[in-house]
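> Pasting the sequence and the predicted coordinates here, then a few questions.
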Amino acid sequence: MTHEPDASSLQLAERLHATAAICEVVTTTSLSTSVHEVVLRGPATTLAGAPGSDVMLRFEDEAGRFVRRRYSVRDVDAANDTLTLWLTVDHVGPGSTWVTTAAPGSEIDVIGPRGKIFLDPVADWHLFIGDASGFASFYRLAQSIEVPGRAIFIVEIDAADDALSATFDEGLGVTGIFVDRKGRALSDPAGLLSGLAAFALPPDLGHAYVFGEFHVARVLQSALLDRGLAPEQISHKAFWREGLSNADHGEPVKED
Ligand SMILES: Cc1cc2nc3c(=O)[nH]c(=O)nc-3n(C[C@H](O)[C@H](O)[C@H](O)COP(=O)(O)OP(=O)(O)OC[C@H]3O[C@@H](n4cnc5c(N)ncnc54)[C@H](O)[C@@H]3O)c2cc1C
């Protein structure tokens with residue numbers, strides 16, 4: 001065990017104005033068919049940043065190459081110096097393989113905080129729309145909404161037990177719609193579009209956060225514009241892309 005981040009991580013963290021650290025795996029737990037939780041101990045509050053932030057983990061893939069993957073912070077526990085991540089495991093990649101096999105006590109190279117999407121402080125309602133890869137960010141962002149506020153979740157899931165819940169401040173208006181994928185292709189936006197169409201957006205000022213598959217996120221962004229939201233009311237980020245591994249820096253490949 002090295003206890004020191006790799007030199008490439010230290011350099012990258014410096015360039016990103018972030019921190020590189022070695023964290024220890026405390027626990028890993030299967031939460032549902034598609035989502036696995038990992039709790040990491042390290043400089044948690046430094047790495048975790050504000051709600052909406054993510055961290056970058058460095059894994060070795062099957063070919064012995066090192067790749068980085070990004071995961072939103074689900075929770076941070078300052079007293080215990082731990083941070084919690086929720087990773088999707090319904091596919092095969094270095095990240096999903098790591099989280100299902102990591103042993104408590106093992107170490108992982110982490111860079112954080114990353115990300116530019118935070119809670120819109122002036123919005124009266126917040127719409128969180130996407131797939132299970134967005135749960136961690138959606139729930140941490142929603143838990144930071146000041147009451148009285150409103151959180152609306154429209155999340156596409158593959159299995160009934162993926163309808164993961166969270167607890168929110170009393171006084172927060174919460175609406176959740178889980179859309180069953182029903183075997184549709186991962187890049188098919190039909191399910192989330194119908195979930196969105198079924199929901200009447202409140203009349204006051206809102207903000208939408210769209211996280212998920214590359215093509216689906218793009219279509220949802222235009223659907224929200226069509227529903228009357230201004231571009232600055234939409235925070236949109238592709239988290240992954242059907243049929244393609246994320247690039248080694250952790251983002252989905254953008255080129256067609
Ligand atoms: C800022 C940011 C925050 C993110 N936060 C989270 C998070 O909190 N939780 C989370 O689970 N993911 C999150 N992601 C997405 C995650 O980084 C990607 O899903 C990543 O591809 C996983 O890496 P991997 O090594 O498991 O699979 P990869 O090697 O990248 O991909 C292998 C195969 O699996 C497919 N695949 C990848 N992800 C998924 C998926 N979610 N569902 C179905 N198929 C998939 C790919 O299309 C590819 O065919 C985030 C991404 C970004 C950019």
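Structure received.
> which stretches of the stretch 51-200 of the chain form strands?
With strands called from DSSP state E, counting those that start in this stretch, the stretch 51-200 of the chain shows them at 54-60, 66-77, 82-88, 107-114, 125-131, 150-157, 173-180.
> Now render the ones you listed as JSON lines, adding distance to K254 and mean pLDDT.
In this view, the C-beta of every residue, glycine as well, is placed from N, C-alpha and C. Converted to JSON lines, the strands of the stretch 51-200 of the chain look like this (distance: least, C-beta to C-beta, whole Å; pLDDT from 0 to 100):
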{"stretch": "strand 54-60", "distance to K254": "18", "mean pLDDT": "96"}
{"stretch": "strand 66-77", "distance to K254": "14", "mean pLDDT": "98"}
{"stretch": "strand 82-88", "distance to K254": "20", "mean pLDDT": "98"}
{"stretch": "strand 107-114", "distance to K254": "17", "mean pLDDT": "98"}
{"stretch": "strand 125-131", "distance to K254": "18", "mean pLDDT": "98"}
{"stretch": "strand 150-157", "distance to K254": "22", "mean pLDDT": "98"}
{"stretch": "strand 173-180", "distance to K254": "26", "mean pLDDT": "96"}
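> Nearest to R41 among those strands would be which one?
Nearest to R41, of all the strands of the stretch 51-200 of the chain, is strand 82-88, at 5.1 Å by C-beta to C-beta.
> Mind giving me the packing neighbours of the closest one?
Here strand 82-88 touches strand 35-41, helix 44-48, strand 66-77, helix 94-101, helix 135-143, going by 3 or more C-beta pairs under 8 Å, 6 or more residues apart in numbering; DSSP states H and E.
> Could you say which of those is packed most deeply?
Compared across those, helix 135-143 shows the largest average neighbour count, a mean of 24 (mean count of other C-beta atoms under 10 Å).
> Touching that helix from outside, list them.
Helix 135-143 is contacted by residues 35, 51-52, 54, 71-75, 84-86, 117-119, 126, 128, 130, 151, 153, 155, 164, 166, 168-169, 172, 174, 209, 211 when judged by C-beta atoms under 8 Å, 6 or more residues apart in numbering.
> And the ligand, is that helix touching that?
Yes. Judged by C-beta under 6 Å from any ligand atom, helix 135-143 comes into contact with the ligand at 136-137.
> roughly how far out does that helix sit from the chain middle?
Offset of helix 135-143 from its chain centre (C-alpha atoms, centre = their mean, to the nearest Å): 8 Å.
> Any chance of a ChimeraX selection covering the buried ones in the contacts of helix 135-143?
Selection of buried members from those for ChimeraX, criterion 16 or more other C-beta atoms under 10 Å:
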select :35,51,52,54,71,72,73,74,75,84,85,86,117,119,126,128,130,151,153,155,164,166,168,172,174,209,211
